[in-house]
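Chemist: Using only what follows, build the 3D model:
(chains A, B, C and D)
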2 protein chains.
Amino acid sequence: MAIVNTELKNAPLPSIKRLPIYLNMLRLMQVKGRPVVSCTHIADDLHLDPTQVRKDLAITGIIGRPKVGYQVPELIQSIEAFLGWKKANEAFLVGVGNLGSALLGYEGFAHLGLKIIAAFDSHPEKAGKTIHGREVFPLEQLPSLASRMHVHIGVLTVPASAAQSAADVLIGSGIRAIWNFTATRLDAPPDTIVENVELASSLAVLSSKLEATMKNKKKS
Amino acid sequence: MAIVNTELKNAPLPSIKRLPIYLNMLRLMQVKGRPVVSCTHIADDLHLDPTQVRKDLAITGIIGRPKVGYQVPELIQSIEAFLGWKKANEAFLVGVGNLGSALLGYEGFAHLGLKIIAAFDSHPEKAGKTIHGREVFPLEQLPSLASRMHVHIGVLTVPASAAQSAADVLIGSGIRAIWNFTATRLDAPPDTIVENVELASSLAVLSSKLEATMKNKKKS
DNA sequence: GGCTTATTGGTATTTTTTTATCGAGAATGA
DNA sequence: TCATTCTCGATAAAAAAATACCAATAAGCC
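Modeler: So this is what the prediction gives:
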């Protein structure tokens, strides 16, 4: 329906970023056997504003019942559907260094709608290995495998110097979205989705806050 | 000076998150021997708005020269000083699983003002090992070592189920800031800085965009 | 030396996001 | 049954952030 697409387009990015946080919490609730939950409860738990939680949940299309709240399983379904996590999206990983190997070993992606089905590396000596159950192929084989297996997502974990050229391979092979773990800002055509993980930004927030409190402490 | 602290307090979070991106670019420029750079240039390169870049840089206290721009080395210094990255902040890492080990092996932290000097794990069989040159201690030893070595930052890379208890150890040992790589939202006193990495949020943005474009494609 | 042009830094405007307010609906208990 | 209370959903207000605008300034050029 057209309405859904319009909503998707207009969903605030901060709201989308909060959805997985709700999801994580809701799944814990489901395990505990809790049938319903209210925005107030969620907000209390996560130290957020109840109205904000309500608006965030609303973008997924869920409707709640006054005095009761939302059905936990239904709400989980609604968020998962909105994010496209109902079926696991298959992905290729490029760059099996330290970080790449760690991500291959991370089981949590199953809950995030992501399934890394193969890995690639430009270093020939790494190809042929199997890391955490996934085979490592030479990078040259990526384009043919991507089109054959209809893979749309690429996880980029190569060194910064190789980032753009590896990205170009991904783009050239028809990949729609790149999850970029490198510090490089990639050049990509507008129809390719690029999401940067920006570890540095996260650390910047932490250290600037720390710097600020340290200065205050020194002053007083 | 009081002015600096006020500025720190009022600095928009999105601006702070962009600073490391500028920094990364500026360092590349410095290597290439470029002496000055303008906001326009930076903005073009990173596909941002020039005014936004100017405002972001202004919060670090840098002043530029009309018609010229900013001195690259001076600008780098200014950003580093603002973020507290001039001296490397020493940190402890808790949880040497897949991800923890990968972070121990990541050399890039040196550029981000972070120096992980030791690792900890609650599993006794992991203690005593050395991973990427850092010794792994039993978690029980963290409090005494933290106070003795004046370490203020804790990098948390334990499984979700152990997150809160490990965080409590960190908080109890006088750690000021926790860089939280787990999916758990930690309970912490207000004077403890907690920065969540939220891999899931990043992936949510990617997959919701992908879901949206897929839906549009199907429609048309 | 004066003119043109690029770029800063401050101010103003618009947009986005968050927070507050309020009416309506539904469960609970008298 | 009816009042009470909790919670949703919609609307409005406030705050934050992004964007646009403009005067001031300095470099390069004629």
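Chemist: From now on I want contacts and neighbour counts done on CA atoms only, so please keep to that.
Modeler: OK.
Chemist: And for A:Ser173, the neighbour number?
Modeler: By other C-alpha atoms under 10 Å in any protein chain shown, the residues close to A:Ser173 number 18.
Chemist: can you check A:Gly113 too?
Modeler: As a burial measure, A:Gly113 scores 20 neighbours (other C-alpha under 10 Å).
Chemist: ok now do it, which residues does it touch?
Modeler: Applying C-alpha atoms under 8 Å, 6 or more residues apart in numbering or on different chains, we find A:Gly113 in contact with A:Gly84, A:Trp85, A:Lys86, A:Lys87, A:Ala88, A:Asn89.
Chemist: got a winner among these for most neighbours?
Modeler: Counting neighbours by other C-alpha under 10 Å, A:Gly84 leads those with 23 neighbours.
Chemist: Count the neighbours of the closest residue in space to that residue that isn't next to it in sequence for me.
Modeler: Leaving out its chain neighbours, the residue that sits closest to A:Gly84 by C-alpha to C-alpha, 6 or more residues apart in numbering or on different chains is B:Glu211, at 5.6 Å. By the measure other C-alpha under 10 Å, the count of residues near B:Glu211 is 19.
Chemist: Ok, A:Asp45 next?
Modeler: By other C-alpha under 10 Å, neighbour count at A:Asp45 equals 13.
Chemist: Pretty sure it sits in a helix.
Modeler: Yes - assessed by DSSP: H, G, I helix; E, B strand; the rest coil, A:Asp45 belongs to a helix.
Chemist: Quick check: the gap between it and A:Met29.
Modeler: Distance, A:Asp45 to A:Met29, by C-alpha to C-alpha, to the nearest Å: 12 Å.
Chemist: And A:Arg176, by the same measure?
Modeler: Distance from A:Arg176 to A:Met29, counting by C-alpha to C-alpha: 34 Å.
Chemist: Compare these two (neighbour count), which wins?
Modeler: More crowded of A:Arg176 and A:Met29, by other C-alpha under 10 Å: A:Arg176, with 19 against 16.
Chemist: residues touching A:Phe120, list them.
Modeler: By C-alpha under 8 Å, 6+ apart, the residues touching A:Phe120 are A:Phe92, A:Leu93, A:Val94, A:Gly95, A:Val96, A:Ala127, A:Val136, A:Phe137, A:Pro138, A:Leu139, A:Leu142.
Chemist: can you tell me which helix or strand the residue nearest to A:Gly84 belongs to?
Modeler: Using DSSP states H and E, the element containing B:Glu211 is helix B:199-219.
Chemist: Can you tell me the element A:Leu93 falls in?
Modeler: strand A:89-94.
Chemist: how far off helix B:199-219 does that strand point, in degrees?
Modeler: Interaxial angle of strand A:89-94 relative to helix B:199-219 (axes from the mean of the first three to the mean of the last three C-alpha atoms, to 10 degrees): 120 degrees.
Chemist: ok now strand A:89-94, how far from the chain's centre?
Modeler: 12 Å (C-alpha atoms, centre = their mean, to the nearest Å).
Chemist: The helix or strand just after that strand near chain B anywhere?
Modeler: Later in the chain than strand A:89-94, the nearest helix or strand by DSSP H and E is helix A:98-104. Yes - for helix A:98-104, a contact with chain B is found by C-alpha under 8 Å from any C-alpha of the partner chain, at A:Asn98, A:Leu99, A:Ala102, A:Leu103.
Chemist: just stretch A:173-192 next, same as before
Modeler: Yes - using C-alpha under 8 Å from any C-alpha, stretch A:173-192 reaches chain B at A:Arg176, A:Ala177, A:Trp179, A:Ala183, A:Arg185.
Chemist: With stretch A:56-70 instead?
Modeler: No - Stretch A:56-70 does not reach chain B (C-alpha under 8 Å from any C-alpha); its nearest approach is 10.7 Å.
Chemist: can you list contacts of that stretch?
Modeler: Stretch A:56-70 has contacts (C-alpha under 8 Å, 6+ apart) with A:7-8, A:11, A:15-16, A:18-19, A:36-39, A:71, A:74-75, A:78-79, A:81-82.
Chemist: In that stretch, which residues are buried?
Modeler: Across stretch A:56-70, burial judged by 16 or more other C-alpha atoms under 10 Å in any protein chain shown covers A:Asp56, A:Leu57, A:Ala58, A:Ile59, A:Thr60, A:Ile62, A:Gly64, A:Gly69, A:Tyr70.
Chemist: How far off centre is that stretch?
Modeler: Computed by C-alpha atoms, centre = their mean, the separation of stretch A:56-70 from the middle of its chain amounts to 24 Å.
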